[in-house]
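Visitor: with the input below, show me the fold.
(one chain, ligands or ions: 1)
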Amino acid sequence: MTEANPTPYGSTEHYDVVVIGAGVSGMYALHHLREMGLSVRVYDGATDVGGTWWYNRYPGARVDGPGSPFYCYTFSEELMNEWDWAETQSEQSAVLAYLEHVADRFDLRRDIQFETWVQDARYDEAAQRWTVETSTGIRASAQFLICAVGALSTANLPDIPGIHDFEGDCHHTGRWPHEPVRFEGKGVAVIGTGSSGIQSIPEIAKSAEHLTVFQRTAQYSFPARNRAITPEEMAKARAEWDSFRAKMLANVGGFPYDMQPRSALDATPEEREAHYEKLWQRGGFRFFLDLYSDIAISEEANRSLADFVRGKIREIVRDPETARKLMPDHFVMTKRPILDDGYFETYNRDNVTLVDLREDPIERFTRKSVVTRSGEHPIDMLVLATGFDAISGTMLRLDPRGRGGLSLKDRWADRFHSYLGITIAGFPNLFMIHGPGSPGVFYNMPLGAERQMSWIGDCMRHVRENQLGSVEPTRESEEAWAAEVAALAGATLFPRTDSWWTGANVEGKPRYFCAYLGGSIYYQRIADVAAQDYAGFAFEPAHDTEGAQAS
Ligand code: NA7
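Guide: Below is the predicted model:
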């Protein structure tokens, strides 16, 4: 292993790699890089591991992806064998407990500095190294910088007149307090009906005196039907782990399932209805995987599912006026699909009111109320389920400085330029996990982190073993990559809806769909790039071979 050189406060610590973020991606990056024999330091602002699972402690927070036991790391069969998942849609505390176990088992914490924000990251062209400075006064230098900063980590806080005057407690779902929040006897307002709002609203309604939901966009939501995982299911997942993992690697989204090859338009309306009904009754994330192949592609296919869900909302919600307000009108699936536990049923409670902000927008806050065009809504507590400056937001907040002091904010002013969703021209030796231009949130995220990190590790090895000093994509390869990302997205309905996937939820953000659709194809693409001597990248020789090798 290369020697790390930690030095006292005020001077510079030297590592091979600095990783920003100790969530799912950063934790795996640390493990992988250590296995490669590199010295690594990880910085994270939280007090412990977990990233998004450390922060998002709001009531009702659960896995809304493929579901346990397949939302987990796959690199260690022993880890799979020793960890029991209790439910199909694991709650936040269960996922966090798993990540804490991973940190213990692989002794990760000794190389992680918690409660430490990286405030400055600069590339030194002469030294071919990154220097970071932290909120705790640490300065560290490393040959490589890995940004494992999370796709959903910078809160999107609404800028509504008077919001800072509100005197009651105010919590963003992604910054939820660690001590219990009590809703009993309180008038609570929730702003936002994305996944976080829709997971938390039924839970808050159970104990709040009154809950007022402020909805900007009505949503399609599907039953999670969370249930216990049986010992037999866990045993099967373990016994057949190799074949499950092989399926995950081959599947477009990284899940151990076969995709439905049939077009919705090849089925009769009756067949479609029966198929949707069967999936609705079974629930869970597999609803989306077992749909027809063209739901996100063909307007007609899409309409068939949208009509089905709208029919369900009408059936569930007793008050026709509330049901009308809850009717979504965008293409179904083109905002992040949501799994809920009794969301629409919650509007049948006497203590819940829905305000449709399209008809009745918020004008301002007072010390004790929300004022909409139609009048005043007195509240004691405000819950902001308003989402995140997703995918690119945290990189922009970090604003690393590349060659010649180039600011990422400037480089990304018009688009989130990247090559392979991993590297950025002008920012040598910097790698992103789940960055814009990668499959990111369109892929099983722990597995995606493993696969991207494995590619990044190989690229670092290539640099070091060939006495190179830096690796950086060309702008031409970025342009070609952007065209590939756009062509994949352009064949779908996704770019046609305002969502955090298209950046439309944050004012002033470039509006375009920046995830690489195509999952497993992506991993073949990046493997091919490596096999073709890292086609599309420019390498510099090491200015100081010894320094680059031994850090
Ligand atoms: P989302 O999915 O971005 O949802 C945020 C919600 O907040 C959504 O309904 C927004 O409406 C609404 N919103 C945002 N800003 C405002 C303002 N200013 N006024 C009113 N309403 C607003 O974030 P989540 O945290 O729910 O989910 C993020 C991901 O985490 C989720 O997809 C899972 O993958 C896990 P909009 O739809 O933009 O009109």
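
Visitor: give me the nearest residue to the closest residue to the ligand within the chain, chain neighbours excluded.
Guide: The nearest approach of the chain to the ligand comes at Gly194, 2.0 Å away (Cβ to the nearest ligand atom). Every residue, glycine included, has its C-beta placed from N, CA and C. Distances taken as Cβ to Cβ, 6 or more residues apart in numbering put Gly387 closest to Gly194, at 5.3 Å, once the chain neighbours are dropped.

Visitor: in contact with the one you found, which residues?
Guide: 152, 155-156, 174, 192, 194, 196, 500, 505 (Cβ atoms under 8 Å, 6 or more residues apart in numbering).

Visitor: pLDDT score assigned to the residue lying closest to Ala504 once chain neighbours are set aside?
Guide: What sits nearest to Ala504 in space, not counting adjacent residues and going by Cβ to Cβ, 6+ apart, is Asp498, at 3.6 Å. Note on Asp498: pLDDT of 97.

Visitor: circling back: what is the nearest of the contacts of Gly387 to Val370?
Guide: Using Cβ to Cβ, the shortest approach to Val370 within the contacts of Gly387 belongs to Gly192, at 13.1 Å.

Visitor: surely the closest one touches Leu382?
Guide: No: assessed by Cβ atoms under 8 Å, Gly192 is found out of contact with Leu382, at 10.9 Å.

Visitor: more neighbours, these two?
Guide: Gly192 (25 against 19; other Cβ atoms under 10 Å).

Visitor: residues contacting the closest residue to the more buried one other than its chain neighbours?
Guide: Using Cβ to Cβ, 6+ apart and skipping residues adjacent in sequence, the residue nearest Gly192 is Ala385, 3.5 Å away. Contacts for Ala385 (Cβ under 8 Å, 6+ apart) come out as 58, 172-173, 190-194, 196-197, 200.

Visitor: need the pLDDT of Tyr257.
Guide: At Tyr257, pLDDT is 89.

Visitor: quick check on it: phi, psi?
Guide: When quoted as degrees, to the nearest 10, the phi and psi of Tyr257 stand at phi -130, psi 160.

Visitor: got phi/psi on the closest residue to Lys186 other than its chain neighbours?
Guide: Spatial nearest neighbour of Lys186, chain neighbours left out: Asp380 (4.2 Å); criterion: Cβ to Cβ, 6+ apart. Asp380 has phi and psi values of phi -100, psi -30 when expressed as degrees, to the nearest 10.

Visitor: so what pLDDT did the residue nearest to Gly194 get?
Guide: The model's pLDDT for Gly387 equals 98.

Visitor: try Ser551
Guide: Per-residue pLDDT puts Ser551 at 42.

Visitor: quick revisit: wait, the residue nearest to Lys186 touches Glu167, no?
Guide: No: shown here, Asp380 and Glu167 do not form a contact pair, counting by Cβ under 8 Å, at 9.2 Å.

Visitor: more neighbours: which of the two?
Guide: Asp380 (18 against 10).

Visitor: list the contacts of that one.
Guide: Here Asp380 is in contact with 168-169, 186-188, 368 (Cβ under 8 Å, 6+ apart).

Visitor: ok, of those residues, which come out buried?
Guide: Buried by 16 or more other Cβ atoms under 10 Å: 168, 186-188, out of these.

Visitor: pull up the gap between Phe287 and Ala274, please.
Guide: For Phe287, the distance to Ala274 equals 14 Å [Cβ to Cβ, to the nearest Å].

Visitor: wait, Arg364
Guide: Distance, Arg364 to Ala274, by Cβ to Cβ: 49 Å.

Visitor: then Gly469?
Guide: From Gly469 to Ala274 the distance is 62 Å (Cβ to Cβ).

Visitor: so which of the two has more stuff around it?
Guide: Using other Cβ under 10 Å as the criterion, Gly469 and Ala274 rank with Gly469 on top: 22 against 12.

Visitor: name the SS class of that one, please.
Guide: Applying DSSP: H, G, I helix; E, B strand; the rest coil to Gly469 yields a three-state assignment of strand.

Visitor: could you do Tyr28 as well?
Guide: Tyr28 ends up helix, using three-state DSSP.

Visitor: ok, the residue lying closest to Val317 once chain neighbours are set aside - how many residues close by?
Guide: On the basis of Cβ to Cβ, 6+ apart, the spatially nearest residue to Val317 that is not a chain neighbour turns out to be Ala323, at 4.0 Å. When neighbours are defined as other Cβ under 10 Å, Ala323 has 18 of them.

Visitor: give the contact list for Ala323.
Guide: 313-314, 317, 347.

Visitor: how close does it get to Glu315?
Guide: Distance from Ala323 to Glu315, by Cβ to Cβ: 9 Å.

Visitor: likewise for Arg415?
Guide: From Arg415 to Glu315 the distance is 43 Å (Cβ to Cβ).

Visitor: between the two, who's got more neighbours?
Guide: Arg415 (17 against 10).

Visitor: I believe Met248 is in a strand; please confirm or correct that.
Guide: No: counting by three-state DSSP, Met248 falls outside a strand, being helix.

Visitor: return the distance of the helix or strand where Ala487 lies from the chain's centre.
Guide: Using DSSP states H and E, Ala487 sits in helix 475-490. Computed by Cα atoms, centre = their mean, to the nearest Å, the chain-centroid distance of helix 475-490 equals 21 Å.

Visitor: any buried residues in that helix, and which?
Guide: Per 16+ other Cβ under 10 Å, helix 475-490 contains these buried residues: 477-478, 481-482, 484-485, 488-489.

Visitor: check which helix or strand the closest residue to Trp54 other than its chain neighbours maps to.
Guide: Nearest-residue entry for Trp54: Ala46, 4.8 Å, with adjacent residues in sequence omitted and distances by Cβ to Cβ, 6+ apart. Using DSSP H and E, Ala46 sits within no helix or strand.

Visitor: check whether the longest helix seen in the chain contacts the ligand.
Guide: Ranked by residue count under DSSP state H, the longest helix found in the chain is helix 445-465. No: Helix 445-465 stays clear of the ligand (Cβ under 6 Å from any ligand atom), getting no nearer than 9.2 Å.

Visitor: buried sites along that helix?
Guide: 445-457, 459-460, 462-464.

Visitor: check stretch 366-385 too.
Guide: Judged by neighbour count (16+ other Cβ under 10 Å), stretch 366-385 contains these buried residues: 369-372, 377, 379-385.
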